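[1] missing the sequence, but the structure's below:
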C-alpha cells in the first residue's frame, strides 16, 4: 500500500489519541486517495497500524490507519502521515475531521448556540469537505 495523493490536515487544537493496533486489517484494498496528517510528540515507524480516537467521541467513531510517514519538524514534534486501508476507514476519517472543524467553530464563538453552529457548518461546508474536491 502506497501513500495517499492528498492529506487532510488535522487541526492541532483538537486532541486525538493514537494507540497501536495489534490486529492489523487483512489485505488492504488499493491506496485511498486521501489520508490524514497531524502533529504528534511521538515517532511512529512506517507500516505501523494505529487506532485513532478523539477522546470526546464514542469509541465506535475510532478508525484504523497505517503510518506512511513520520518526519521530525523544526519545532521538535513529528508530522505523522496516515493512510486508510479501505473506503470505510476513509469515510470515518472524513466524518471525524468534519466533527473537529465544527468543534473549532463552536470554540471560536462560545456565546452562540452550538447546535445551530453545527447545522450552519454542515450546510455551508460538508458537501465540499475536504475543500480540494476529493
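    Looks like it arrived, so ask away. Bear in mind the structure is a predicted one, so any value in this text is a computation, not a measurement. Numbering: from 1, shown residues only.
[2] and stretch 72-84, what's buried?
    If you call a residue buried by 16 or more other C-beta atoms under 10 Å, then stretch 72-84 has these buried ones: 78, 80, 81, 82, 83, 84. For every residue, glycine as well, the C-beta is placed using N, CA and C.
[3] ok, now stretch 39-53?
    Within stretch 39-53, the residues that qualify as buried by neighbour count (16+ other C-beta under 10 Å) are 40, 44, 48, 49, 50, 51, 52, 53.
[4] from the buried residues of stretch 72-84, which land in strands?
    With strands identified by DSSP state E, the entries of those that belong to them are 78, 80, 81, 82, 83.
[5] between the buried residues of stretch 72-84, which is closest to residue 22?
    Nearest to residue 22 among these is residue 82, at 16.9 Å by C-beta to C-beta.
[6] what's across from the closest one in the sheet?
    The residues listed as beta-bridge partners of residue 82 by DSSP bridges are residue 36, residue 67.
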